[in-house]
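K.L.:
What follows is a predicted protein model with its sequence.
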There are 2 protein chains.
Amino acid sequence: MSCGPMDGLLVVDLTRVLAGPLATLMLADLGARVIKVERPGHGDDSRSYGPFKDDRSLYFARVNRGKQSVALDLKDPVDHATLLSIIDRADVLVENFRPGVMDRLGLGWDTLSQRNPRLVYASISGFGQTGPWRNRPAYDAVVQAATGIMSITGSPDGEPVKPGIPIADLAAGLYAFGAIGAALHGRTATGRGTHIDIAMFDATLSLLEGAALSYLATGTTPPRIGNAHYSIAPFDTFACADRSIVICAANDGLFGKLCRALDRPDLGTDPRYATNGARLSARDTFKREVEDTLRTRPAAEWLPVLDEAGVPCGLINDVAEAVSSDQADFRRMVVAAGGLPLPGNPVKMTDWPDPFERPPAPGLDADGPAIRAEFG
Amino acid sequence: MSCGPMDGLLVVDLTRVLAGPLATLMLADLGARVIKVERPGHGDDSRSYGPFKDDRSLYFARVNRGKQSVALDLKDPVDHATLLSIIDRADVLVENFRPGVMDRLGLGWDTLSQRNPRLVYASISGFGQTGPWRNRPAYDAVVQAATGIMSITGSPDGEPVKPGIPIADLAAGLYAFGAIGAALHGRTATGRGTHIDIAMFDATLSLLEGAALSYLATGTTPPRIGNAHYSIAPFDTFACADRSIVICAANDGLFGKLCRALDRPDLGTDPRYATNGARLSARDTFKREVEDTLRTRPAAEWLPVLDEAGVPCGLINDVAEAVSSDQADFRRMVVAAGGLPLPGNPVKMTDWPDPFERPPAPGLDADGPAIRAEFG
């Protein structure tokens, strides 16, 4: 089946749960053949994670649709030999064991790159293959906590808050996806693969942006600032009569438009709000002034007024509103795989299809007999 | 300079602020030559965004180090011709104008792919090149609000909270990075580039994971659940005597280890906590029970006990603790570029250097004369 730029690529997937499976899902969605190697009898832990629909794990299906499954006991000589036969013909291997496990299984980078010099070998771990924390067990929340991301989420007078998504896993999976593409490109020139070492910790640290830069600029840790922005004001949530909206007036022109749309020319000429720097300092005062006006009418009345004025703004949707939106539907951000509704692929390319119907996630060892026959 | 798998790649960067520049930063960090095209006199808006160090914007430097800058007025015929000469020799073009702007500039996909069929052309926008919301202005916070991510961040009895990072911009930049690598790989087989259409909205929606799956499974929108996990318990923050820690006992074995480490065998045998499903239902009660014990000692005393028992756990670091940690240092997650401290690259590859000293971000039009001479 020709369906994407990764057509013809053979990927050995030794990953479980989320970060690794997301990286290989992206390859599968773009046309690669992904062979997921699972533990006999048990399989990927996430097969038992909810939510379930028709007794099937959506968690597992979401990141494993379109892959093949073979159950191999990596300590069994016959199964080990089968795996090596697959690896000998593979372009990419992805694993997310703890550092050292692949070496102990006789599947380390040094060994496999000698067998197959063209192999791109991606390791994903909590804290990386190197460094003093490399052996720390690393679930998403442990890594999120370690990176400081929780310390900058939430209100200034509250407790640290974990973003409502497993960002440490996801960031690592996305960096791995990009790194694999880059390594494949490099291979066209060098003829050789490479060993990619992605840490959930590094990946998440690299997302801190303004907060990390503030620390690097000043040497002091940045405070939590609620829904505001470190560098731009007004750029925050604001309460209307019924619910809150987001307003991003990111430059002086947009600030002027905002004041006019609110019919508050006094704010537009107030020297306390004359520049972005001034507005950052007077953020709280400004927010109260704006909310005095916004609270007079519901969000549904304010948004068209602000839109018309060209002020970037929007509702704070809940998940149902977002996922069932016309835009999500138009963009095919929900697909069907084996009868299950699942998130779509945000990578859209004009030359390749982005179908609604996708191949399902495999049952444990569903492709085992065929794969053993092909590679055994 | 040979420094990465993207060596020899020529990238035309028509992006500003964050999502686009992050995608091209990844290419530059991995060896590509990135020519950033900026508006004469003004340049990328983010040149004026703080934080500043030595009067230089860390915001701009963070995502533009290692690039070249040329100032071109895209409506001026001479400058337009110079840009086309660069594009004729380029492998990749990345742009994040509003949908339609590139067409109006005579730089749309149809036009450029006819001139240069090998061109990989990546468009990054707020809501995508298609769909009813495509023309909505799209700052990060507007998109975050639209995707529902704020609705699932924060405590159940509080207001929606924006994760403390610009995740909509970052997710789009990372998907674009991966998509570009995939399209380059596809080009080796087809000889042709493609048009990549990445939306911040799609990218962020795709990160909702458990929350989106919960909606797709049940048709009802998921609640905010604070720092807990939709599918696993205990997987949350817990207060010790002085500060909170994260504990992730993601399966029955780890749950048993947790109860032993806390010296609370009563919890381990309590039928209310016998399975993950039961623990999910009794999450609040369990948290109070565990905190009754944890509050008797400070976090620094509990963490070694839990570590020794093999229970995944950790401190909730602030940004200073995270960025200045031994692990971040060992992993080279802070680098120096033109004398400025900046975040490092989480993509580590054994065959390529990951140096501490990096090339600086360019001044506006710093490479203009050389580039005009080369391509004019």
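P.N.:
Okay, I see it.
K.L.:
And the residue of chain A that's closest to chain B?
P.N.:
A:G181 (1.9 Å; C-beta to the nearest C-beta). In short, each C-beta sits where N, CA and C put it, glycine included.
K.L.:
For that residue, which residues are in contact?
P.N.:
B:F177, B:G178, B:I180, B:G181, B:A182, B:L184, B:H185 (C-beta atoms under 8 Å, 6 or more residues apart in numbering or on different chains).
K.L.:
where does the second one land in three-state SS?
P.N.:
Look at B:G178: counting by DSSP: H, G, I helix; E, B strand; the rest coil, its state is helix.
K.L.:
I'd assumed A:G178 was in contact with it.
P.N.:
Yes - B:G178 is within contact range of A:G178, at 4.1 Å (criterion: C-beta atoms under 8 Å).
K.L.:
Look at A:G219 and say how many residues are nearby.
P.N.:
Neighbour count for A:G219, taken as other C-beta atoms under 10 Å in any protein chain shown: 10.
K.L.:
Find me the pLDDT at it, would you?
P.N.:
We have a pLDDT of 96 for A:G219.
K.L.:
gap between it and B:P341?
P.N.:
Applying C-beta to C-beta, to the nearest Å, the value for A:G219 to B:P341 is 10 Å.
K.L.:
Now do the contacts for A:L72.
P.N.:
Counted by C-beta under 8 Å, 6+ apart, A:L72 has contacts A:V37, A:E38, A:P40, A:D79, A:H80, A:T82, A:L83.
K.L.:
if you set the cut-off to 7 Å instead, what comes out?
P.N.:
A:V37, A:D79, A:T82, A:L83 (C-beta atoms under 7 Å, 6 or more residues apart in numbering or on different chains).
K.L.:
per-residue confidence at it?
P.N.:
You'll see A:L72 listed with a pLDDT of 98.
K.L.:
excluding its backbone neighbours, what's nearest it?
P.N.:
A:D79 (4.1 Å; C-beta to C-beta, 6 or more residues apart in numbering or on different chains).
K.L.:
Just say helix, strand or coil for that neighbour.
P.N.:
helix.
K.L.:
Most neighbours of all the contacts of A:G181, which one?
P.N.:
Neighbour counts for the contacts of A:G181, by other C-beta under 10 Å, peak at B:I180, which reaches 34 neighbours.
K.L.:
What parts of the stretch 1-150 of chain A come near chain B?
P.N.:
The interface of the stretch 1-150 of chain A toward chain B, taken as C-beta under 7 Å from any C-beta of the partner chain, is made up of A:5-8, A:26, A:30, A:49-53, A:58-59, A:62, A:127-128, A:130-133, A:137, A:139, A:141-142, A:145-150.
K.L.:
Just the ones of those in strands?
P.N.:
Among these, the members falling in strands (DSSP state E) are A:F52, A:K53.
K.L.:
Would you show me how to pick out the buried ones of the residues of the stretch 1-150 of chain A next to chain B in PyMOL?
P.N.:
The PyMOL selection below is limited to those of the residues of the stretch 1-150 of chain A next to chain B classed as buried (16 or more other C-beta atoms under 10 Å in any protein chain shown):
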select buried, chain A and resi 5+6+7+26+30+49+50+51+52+53+58+59+62+127+128+130+131+133+137+139+141+142+145+146+147+148+149+150
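K.L.:
Stretch A:163-176 and chain B, are they touching?
P.N.:
Yes - using C-beta under 7 Å from any C-beta, stretch A:163-176 reaches chain B at A:P163, A:G164, A:I165, A:P166, A:L170, A:L174, A:Y175.
K.L.:
Run a quick neighbour tally on the residue nearest to A:L267 when sequence neighbours are not counted.
P.N.:
Leaving aside its chain neighbours, A:L267 sits nearest to A:C259 (4.7 Å; criterion: C-beta to C-beta, 6+ apart). A:C259 is flanked by 22 other residues according to other C-beta under 10 Å.
K.L.:
tell me the domain boundaries of chain A?
P.N.:
Domains of chain A are assigned by automatic domain parsing as A:10-207+A:329-375, A:235-239+A:244-315.
K.L.:
quick one, what contacts A:D140?
P.N.:
Taking C-beta under 7 Å, 6+ apart as the contact definition, A:D140 lies against A:P166, A:A168, A:D169.
K.L.:
Identify, from those, the entry nearest to A:E291.
P.N.:
A:P166 (33.0 Å; C-beta to C-beta).
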